[in-house]
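Chemist: predicted model follows, preceded by the sequence.
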There are 2 protein chains.
Amino acid sequence: MQVYEAPLRDMRFALHELFADHEFADVAASSELTPDLLDAVLDEAAKLTRDVLLPLNASGDLEGCRFENGAVYTPAGFKEAYRHYCEGGWPSLACDPIWGGQGLPERLNKLIEEMSCATNLSFGLYPGLTLGAINAIEGHASEELKQAYLPKMVSGEWSGTMCLTEAHCGTDLGLLRTRAEPQADGSYRISGAKIFITAGDHDLTENIVHLVLARLNDAPQGVKGISLFLVPKYLPRADGTLGPSNGVAVAGIEHKMGMKASATCQLNFDGSTGWIVGEPNRGLAAMFTMMNSERVSVGVQGLGIGELACQSAAAYAKERLQGRSLAGAKQPELPADPIIVHPDVRRMLMTMRAYTEGCRALGQWTSLALDAEKRAADHEVRRRAADFVALMTPVVKALFTDWGFEAANLCVQVYGGHGYIREHGVEQLVRDSRITQIYEGTNGVQALDLAGRKLGVDNGRLLRPVLAAVSRLCEKTSVSGNGTLERFSGSLRSALAALEVATLSIAEKGAKDPEEVGAAATDYLRLLGLVAVGYTFLKAADIAVTRLAEATGEAAFYEAKIATAAFFFDRILPQANAAQEMIKAGKASMMALPAEAF
Amino acid sequence: MQVYEAPLRDMRFALHELFADHEFADVAASSELTPDLLDAVLDEAAKLTRDVLLPLNASGDLEGCRFENGAVYTPAGFKEAYRHYCEGGWPSLACDPIWGGQGLPERLNKLIEEMSCATNLSFGLYPGLTLGAINAIEGHASEELKQAYLPKMVSGEWSGTMCLTEAHCGTDLGLLRTRAEPQADGSYRISGAKIFITAGDHDLTENIVHLVLARLNDAPQGVKGISLFLVPKYLPRADGTLGPSNGVAVAGIEHKMGMKASATCQLNFDGSTGWIVGEPNRGLAAMFTMMNSERVSVGVQGLGIGELACQSAAAYAKERLQGRSLAGAKQPELPADPIIVHPDVRRMLMTMRAYTEGCRALGQWTSLALDAEKRAADHEVRRRAADFVALMTPVVKALFTDWGFEAANLCVQVYGGHGYIREHGVEQLVRDSRITQIYEGTNGVQALDLAGRKLGVDNGRLLRPVLAAVSRLCEKTSVSGNGTLERFSGSLRSALAALEVATLSIAEKGAKDPEEVGAAATDYLRLLGLVAVGYTFLKAADIAVTRLAEATGEAAFYEAKIATAAFFFDRILPQANAAQEMIKAGKASMMALPAEAF
């Protein structure tokens, strides 16, 4: 059974307690955004996602999207759920009030995204892609386009897409072939075939706004010759009503491993009218505005699925009777003990728990930076926040989705054979989450973005503040007088040392040979992720120790926080040293074989 | 695209070269079983699996099994393929000539199993389960039952099943409720409901021989009150022709994540006639004869899928053009380089390659022991072989299937978005291989079998010879004068030290608290697996160095062997130290939270 209640207490901990002393949090002190207001929104979102989205998750997977007579239909219940979602004002939560949004911060929005991704990832993509398109239009389109499109997109009446991929090019967009021909009226005629277009067609909204990467006739080759265009499914009239169809044809939908209620379309643009977004040949930059915020959101998808997996596994482990505790029967009155008594089942549950709490904390840290980047009063704080976002975006995307997929698999493992059949609904989590490691840039591409681009900025300007923060916290907690904190501090310090050695090694070898950076990238991303998550656990434990000493209540919550941190330091963080050893080995054995040997 | 050619050269290396000097290999020196004969059988199997089984793999997944009017039908082509398979004599390959088998050794048979699992895992289960049932009947049934059933099962005319699981019990068979009532004629009437019965019904054979665990009326509670019964679908007449139906009804088939061409049935036995196999109340022991050989076979399934994944990924990586090499364009005449130039793609390909070569070698070592256990002339060798099989069975089952699943996922990752859609056929590998970590005892159960049972036998009698062998090889290669071998030797020696420390720690802590064994088990299995596979890589590299020095040809093959070993020591073996650190942490943080906290 898919079991989910939004983890509100832990969300409130991440939202209000964990980073209360952080410089990025200053911006959060706006008087309107009281903790009570934020909590009330979380409570409402928890109800919506549990009562409206979760019940459609398994049925949507079973039914899937249909492609009939050139149009795509979502599974039963999705239209009503989407209407409900829009009526509640959820699409506009974090959008600018100018366009009808509610202007709530990302640090709240990402928690709500976590809930919707947990309860129905396929559903979550429809508004999710729209939000990405809104960001790109807001950042780069003309005032006229903004006026014409943003209000309807912010309200959820119209949805959005990102049309990048073509059959022969995904990661390497420089190869794309879709063309744009300028027209006398300043518009363009767009022609080409796109694939893998999420929400490319569906029956939830009356219009769909495609953001399409294409080449102008005279454009330079490669990625420097790509422009971005806004191409609506139906051309709106001046009065805002829908005009004629715009030559965007759906050639089909993909049959996928999972995410079956999310329509992944092949779209053909045949002389469709479009308008340029941003400068000619600068489309990739505009698209990356959208992509970066999307990448954090994809990380949050991994977190959401991980939480659903964790709760679904725990519910089953407390209920399923099988075998006896190795320490002697725990419930002798029953024919067997619930399987949660078995250490190996605990190992799986605690792993999932450490993943979700750790990702939630690092996600919140990153969201806080997203807010500060936009809104902090101090220019230096804005720059530091932007640096942090740039550094952590690939980590959040890749680490959270790797762990989300792993958590989904651990959940199936806890269910045993029952997890492998459709009936219990947990194998769906494996199939659904698998795509998150691939789309919006594969996790290998994220790693290269981190190690190849982000590390190199100003000789490590992005990384240094993180290393310093981890080091300061290790120092502080190492003299706390609390044995537990001191032990955690020692583990984190050793992982930090591994990270420092690995960073130096990449910088040195990479300066001579860029393939060395590529060879180290994936392990390096994991290593930085472990240290960053370790930082949040040490910080959480430090706060928990204080709260417990103050005896202000909720002892069970804070004790569990320390226990989960202990598990992380005991059982997950030791991977850091292994990662460093792997990085140290360099590229030699990875690149030794000639291609023909494979 | 699913791409597969049996890796015959590496199979011959594992079969003839790698363990040529091992004491278990003496038994292989039978004059009839010349290397040429074994190679000829491998060649034939390679053709069969590529030409007959592989083409039905994706279509079988798409179509799945059908349940209609109480009977199960396999997908199109399966009946013909099965007939072809039987006509070629493949079911009887490793069976005793008394029953019509060809008596070929396990070390050959397991390589052929690898081929059939690689090309069509769903298909492979039908003869695979039959073989397990043959083993149990051969080992425990009366002469009369053997005469009546074995010849038809060995020829493939009749198939077999294992009916263990019931809805409320899988791992904990002590809870099972199916009953057996003795009849005046010495037979029993079997009644009860079983689930998850692989090949429980299908249209490939005219009869199906179920081996059913059930309780006699007066049986003690728990696992000590379980007996094993042979229950045919149709009762054979004295003349061998099929008699009446035996009250075995198919209640339905499961809708599973994968393995869709394998019929997983719910069976109801309603007063069905059965005959006891082995002693009353000793059914579990008889079943475990079957289970142990099945567990090694399930490991081989993981290996097979891993090989299919590896080849399918390599083919795509050499063909898909995307981006340019970090070292400068490798194929400037093309619009982009093939993605095999990228270090992160290499990392994935080399990981898959190290997994499959490593598992094939350890699988061969284990198969050699299976043969020696049965056939060695010397009693002491037989005992040592049995010890090795007992120790390695859980490692082979769990490690190979974990790595097989990981390889399947790496293959999807190499394909990117194209891997997530059905069209390319590689997401099927993920769905199919996922069950191998669960059935025949979950991988957690394997780990507990290793750490809780096998380690404890005679204070480590099973493990000591393995530690000694690894140590001897490390010593020998450390003074080989070859820098590469000496480096490998140092890495393996450090992993061996980690294994020794972990073994001691489990023995000490476990003596006081059995939960400590449970908490360490999964990491311990991984650690032993890494050391055992590391041993085979060092041995392989040692042989390769000699062959290269002799310059007897095939330099590319032996150089690749050393390169793959180097990747294993650089990039996979470092997990060993991490595993030891995790084990050292003990159970405290794993077991700290009360069940209510989840």
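Modeler: Arrived safely, thanks for sending. Numbers count the residues shown, from 1 in each chain, chains lettered A, B, ... in the order given.
Chemist: in the stretch 201-350 of chain A, what residue spans correspond to strands?
Modeler: Taking DSSP state E, counting those that start in this stretch, the strands of the stretch 201-350 of chain A run over residues A:207-216, A:227-232, A:234-236, A:242-245, A:248-253, A:264-277.
Chemist: reformat the ones you listed as CSV; add mean pLDDT, mean neighbour count and distance to chain B.
Modeler: Using the backbone N, CA and C atoms, a C-beta is placed for each residue, glycine as well. Listed next are the strands of the stretch 201-350 of chain A as CSV, based on pLDDT from 0 to 100; neighbours: other C-beta atoms under 10 Å in any protein chain shown; distance: least, C-beta to the nearest C-beta, whole Å:
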stretch, mean pLDDT, mean neighbour count, distance to chain B
strand A:207-216, 97, 25, 14
strand A:227-232, 98, 26, 20
strand A:234-236, 97, 17, 28
strand A:242-245, 96, 12, 27
strand A:248-253, 98, 18, 10
strand A:264-277, 98, 22, 8
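Chemist: tell me which of these lies nearest to A:F568.
Modeler: strand A:264-277 (35.4 Å; C-beta to C-beta).
Chemist: run me through the strand neighbours of that closest one, direction for each.
Modeler: Paired neighbours of strand A:264-277 in the sheet (DSSP bridges): strand A:188-198 (antiparallel), strand A:227-232 (antiparallel), strand A:248-253 (antiparallel).
Chemist: quick one: the longest one to strand A:207-216, angle?
Modeler: Think strand A:188-198. Strand A:188-198 runs at 120 degrees relative to strand A:207-216, counting by axes from the mean of the first three to the mean of the last three C-alpha atoms, to 10 degrees.
Chemist: which parts of chain A belong to which domain?
Modeler: What automatic domain parsing lists as the domains of chain A is A:8-139, A:158-287, A:442-588.
Chemist: do you know which of those domains lies nearest A:I421?
Modeler: Nearest to A:I421, of those and by C-beta to C-beta, is domain A:8-139 at 12.4 Å.
Chemist: how far off centre is the closest one?
Modeler: Mean C-alpha position of domain A:8-139 versus that of the full chain (C-alpha atoms, centre = their mean, to the nearest Å) differs by 13 Å.
Chemist: for chain B, what's its nearest residue on the stretch 101-250 of chain A.
Modeler: Relative to chain B, the nearest point of the stretch 101-250 of chain A is A:D172 (4.2 Å; C-beta to the nearest C-beta).
Chemist: my guess is A:R384 contacts A:H22. True?
Modeler: No: counting by C-beta atoms under 8 Å, A:H22 is not a contact partner of A:R384; they are 10.8 Å apart.
Chemist: now do the contacts for the residue nearest to A:A251 when sequence neighbours are not counted.
Modeler: Take A:A251 and drop its neighbours on the chain: the residue closest to it by C-beta to C-beta, 6 or more residues apart in numbering or on different chains is A:Q266, 4.0 Å away. For A:Q266, the contacting residues are A:A193, A:K194, A:I195, A:I197, A:G200, A:V250, A:A251, A:G252, A:I253, A:E254, by C-beta atoms under 8 Å, 6 or more residues apart in numbering or on different chains.
Chemist: list the buried residues for the helix or strand of chain A with the lowest mean pLDDT?
Modeler: Ranked by mean pLDDT, DSSP states H and E, the weakest helix or strand in chain A is helix A:283-319, scoring a mean of 92. Buried residues in helix A:283-319, counted by 16 or more other C-beta atoms under 10 Å in any protein chain shown: A:283-284, A:286-287, A:289-317.
Chemist: show me what that helix is packed against.
Modeler: In terms of contacts (3 or more C-beta pairs under 8 Å, 6 or more residues apart in numbering or on different chains; DSSP states H and E), helix A:283-319 is packed against helix A:106-119, helix A:121-140, strand A:158-163, strand A:207-216, strand A:227-232, helix A:343-375, helix A:379-415, helix A:427-433.
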